[in-house]
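I'd like to go over a predicted model; first the sequence, then the structure.
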Amino acid sequence: MDEIAPEYDVVVLGTGLTECILSGVLSVKGKKVLHMDRNDHYGGEAASVNLETLFRKYNNFTAGTEPWKKYGRANDWNIDLVPKLLMSNGELTNILVSTDVTRYIEFKQVAGSYVQVGSGARATVAKVPSDAGEALRSPLMGIFEKRRARNFLSWVAAFDEANPSTHNGMNLSQTSMKLVYDKFGLEATTRDFIGHSMALYPTDAYLDKRGMAKDCVERIRLYVNSMARYGKSPYIYPLYGLGELPQGFARLSAIYGGTYMLNTTVDEIHYDPSGKVSGISATMKERSETGPGMTFTTKCPKIIADPSYFPDRCQVVGHMLKAICILNHPIDFTNNSDSVQLIIPQSQVGRHHDIYIACVSSAHNVCPKGYYIAIVSTIAETSANHHLELAPGLERLGRVEEKFMGPPIPLYAPKGDGRADNVFISKSYDAESHFETTTDDVRDLYMRAEGEALRVEGLKEGQTIVAEE
Amino acid sequence: MAARSQQGRPGARFAQFKLVLLGESAVGKSSLVLRFVKDQFDDYRESTIGAAFLTQTIALDEQTTVKFEIWDTAGQERYKSLAPMYYRNANCAVVVYDITQASSLDKAKSWVKELQRQANENIIIALAGNKADLVAEQPDKRAVQTADAQAYARESNLLFFETSAKTAENVKELFTEIAKKLPIEQASQRGMRGAAGRPGGVDLGNRQEAGGAAGGPGGCNC
Ligand SMILES: Cc1cc2nc3c(=O)[nH]c(=O)nc-3n(C[C@H](O)[C@H](O)[C@H](O)COP(=O)(O)OP(=O)(O)OC[C@H]3O[C@@H](n4cnc5c(N)ncnc54)[C@H](O)[C@@H]3O)c2cc1C
Ligand SMILES: Nc1nc2c(ncn2[C@@H]2O[C@H](COP(=O)(O)OP(=O)(O)OP(=O)(O)O)[C@@H](O)[C@H]2O)c(=O)[nH]1
Ligand SMILES: [Mg+2]
């Protein structure tokens, strides 16, 4: 086997999406990258796994049985561990296009975006109205409220930061979203579906913050523009599952000289006398291998890593609850859509955090024909009875063939910014329904590690050799 | 991303297939592609850098055109870290060994086994014993006998060629024989696949800014 180089510009630990995007971008920019993962597969927490792996991961079966066999070939399943969708006009899409990673991954629209108002027997599930015309037809509102919602959405559509005449007499950088809603006279339920299913805030914390109105209006515009792009919903999703995303960026990195090593555990991180990282020792050993594996040491002035490689430098910032469910039917009231995002805003079911349902199906090559994979998720608010917290979401699914639900998943964030020792740590994937906060973390990490803002525009043009037609 | 096809002139057949390269490091995978696609060779090639994938078209006859979308490993196989994305939907594979390195044939055999276990059952596999030019000059450099590799290929149902990326020997022939075995008819009938081709598929390449938020009719602020 080839020797590992004596020195790299950066060592990346973990092949989650955040790490793979950074590795890809750094390689394209000419940095010498060594990228390692202790697992035998790409993606870390953002991997997609087959059905047998899922049963084993959740230990959801009696020893000696093979329940996955009744669902066809295990490899026809690509089940996401992180429930997220891409906004078609969002930042991850922008990065995918700017780096040409779209060459390796095909995307499909998600067929619908829905919201629930009310709860229990009086729950209504309806399409999220995305423009003034849809607001007027929406069953979510009464006749007068429809007009008010239409006025609000028309104002958001026309809003132009540079043109004060579109501001409707408000300074969005100063005011709170509550005051904006007040100005349009919107009812509580309307505020709920706008804030939670369009602006996609997972809690109501945004409502009263001064100056937050600008962020909220931008988020609504992202939703509306993403919706306008392909028509059915603002979301897109990769064929074969989200696990394709880290693989695509890893391939980009490899094409630009990045070195990849799975099955590799970190033995020691070396620091120089000033406390900055100076190198790393690690061992590559396949599971089936009986020998000692291949141990090596290399120098590096920087490390980028996911939280699992530096648990003592991270803190738990919350717990996510998640149930992965296999269905053999689409979700009720969603027009038989092959894929949907359904959001249950927190206050509709007496909670402080929204419940999300992300559902995909064989239309995205993630399971055999006739099946649907729905993930219900939220942030834990209690320390017991977690299935009760997810209950309003599980109710929406109807009959479930299999349900995989583990203990609450801790979400980590680094305690420091990494500048003291040049070990830069990413955050766990949060409970948001899309990747916009993931790309914020990519930008933040890039800034911390490279000391300049990440610019992906023009990366493609700078590439030396790309595919030739 | 695999078999795509489209109808052009009446009677004309066109189909696109994904081809993946496998084999030990430095056996000449990238060199074979470079020879096939650009008719070039470079003695001092560094390990693969910079090609997302390359495409090359072969006209089998006046009516029939096959386009290969050729994926190189990008070096990810070096430490056994090839991503499943690489072989997903591969229609054909060229497994390369170096005829002056006996161990590279063992590695090739293990790739063939992996392909037969993991890939779709109709995948066309070709075995290429590369660097034939080296033994033309110095016969004692040969470490793998033609007859042995040939016998192995026959029993495993593989196409087989001894090639040289340096002299171009058998390179075109290798790809042409693969093209002849591919299911062009079926691919043509399936119609255009991929990207915006399938229902609900989206083409992100043509990214355009939706001009402002899409406001509905009658946007008055009264
Ligand atoms: C060497 C090797 C190692 C592998 N290792 C792994 C691994 O470690 N882990 C793992 O998860 N997987 C692995 N795989 C599997 C791989 O990721 C794919 O799942 C596999 O290649 C697809 O085979 P399939 O039989 O599922 O084919 P299918 O996906 O069923 O497709 C069969 C063929 O028909 C074509 N086709 C399918 N649908 C259509 C359509 N609608 N229109 C036109 N054509 C269509 C495809 O292009 C394909 O050629 C490996 C594969 C190989 C070759
Ligand atoms: N003499 C001779 N040399 C060859 C031939 N093909 C490739 N080489 C040389 O072998 C070396 C490796 O070739 P590559 O094409 O880079 O091999 P590879 O299999 O792509 O290697 P990796 O990308 O590292 O996996 C280079 O120095 C080539 O010039 C050949 O047919 N004859
Ligand atoms: Mg190569």
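On my side now, so go ahead. These numbers were taken from a predicted model, which means no experiment stands behind them. Residues are numbered from 1 along each chain as shown, chains lettered A, B, ... in the order given. Ligands and ions are numbered 1, 2, ... in the order given.

What mean pLDDT does the longest strand that chain B contains get?
For chain B, the longest strand by residue count, based on DSSP state E, is strand B:13-23. Over the span of strand B:13-23, the pLDDT mean works out to 92.

how about low-confidence regions in chain B?
Counting by pLDDT under 70, chain B has low-confidence residues at B:1-10, B:45-52, B:188-198, B:205-222.

all helices of it, in order?
B:29-38, B:84-87, B:102-118, B:132-137, B:146-155, B:171-181, B:184-190 (DSSP state H).

strands paired with the longest strand of chain B, and their directions?
strand B:4-5 (antiparallel), strand B:64-71 (parallel), strand B:92-98 (parallel) (DSSP bridges).

list the contacts for the nearest residue to residue B:153 once chain neighbours are set aside?
Residue nearest to residue B:153 in three dimensions, not counting chain neighbours: residue B:160, with 3.6 Å by Cβ to Cβ, 6 or more residues apart in numbering or on different chains. To be clear about C-beta, it is placed using only N, CA and C from the backbone, and glycine gets the same treatment. Residues in contact with residue B:160, defined by Cβ atoms under 8 Å, 6 or more residues apart in numbering or on different chains, are B:126-129, B:149-150, B:153-154.

Identify the farthest-apart pair in the residues you listed.
Taking Cβ to Cβ as the measure, the contacts of residue B:160 span a maximum distance of 15.2 Å, between B:128 and B:154.

When these two are compared, which one has more neighbours?
Taking other Cβ atoms under 10 Å in any protein chain shown, residue B:128 and residue B:154 do not tie; residue B:128 has more neighbours (30 against 10).

Residue A:68 should be in a helix, yeah?
Yes: according to DSSP: H, G, I helix; E, B strand; the rest coil, residue A:68 belongs to a helix.

number of nearby residues for it?
20.

I figured it hits residue A:74, correct?
Yes: using Cβ atoms under 8 Å, residue A:68 is in contact with residue A:74, at 5.3 Å.

residues shared between the contacts of those two?
In contact with both residue A:68 and residue A:74: A:51-52, using Cβ under 8 Å, 6+ apart.

What distance do you get for residue A:345 to residue A:414?
30 Å (Cβ to Cβ, to the nearest Å).

Give me the longest helix you can find in chain A.
helix A:212-230.

following that one, which helix or strand comes up?
From helix A:212-230 onward toward the C-terminus, using DSSP states H and E, the following helix or strand is strand A:235-238.

List the contacts of that next one.
A:85-88, A:93, A:105-110, A:113, A:226, A:230, A:244-245, A:339, A:341, A:360, A:364, A:434, B:202, B:204.

next one: stretch B:100-118
So stretch B:100-118 is contacted by A:75, B:22-24, B:27, B:87, B:93, B:95-98, B:123, B:125, B:127, B:129, B:131, B:134-135, B:141-144, B:149, B:152, B:156, B:158 (Cβ under 8 Å, 6+ apart).

now that stretch, how far from the chain's geometric center?
How far stretch B:100-118 lies from its chain's middle: 16 Å, per Cα atoms, centre = their mean, to the nearest Å.

That one and ligand 2 in contact?
No: against ligand 2, stretch B:100-118 shows no contacts by Cβ under 6 Å from any ligand atom, the least distance being 8.7 Å.

swap in stretch B:18-34?
Yes: applying Cβ under 6 Å from any ligand atom, one finds stretch B:18-34 in contact with ligand 2 at B:23, B:25-31.

which among these gets closest to residue A:64?
For the residues of stretch B:18-34 next to ligand 2, the nearest to residue A:64 is residue B:23 (40.2 Å; Cβ to Cβ).

which residues pair with the spatially closest residue to the closest one that is not a sequence neighbour across the strands?
Counting by Cβ to Cβ, 6+ apart, residue B:23 lies nearest to residue B:96, which is 3.6 Å off, once chain neighbours are set aside. Counting by DSSP bridges, residue B:96 is bridged to residue B:23, residue B:128.

residues in contact with residue B:96?
With Cβ under 8 Å, 6+ apart, residue B:96 has these contacts: B:21-23, B:27-29, B:32, B:108, B:128, B:130.

State the helix or strand in which residue A:296 lies.
strand A:294-299.

how far out from the middle of the chain is that strand?
The answer for strand A:294-299 is 33 Å, by Cα atoms, centre = their mean.
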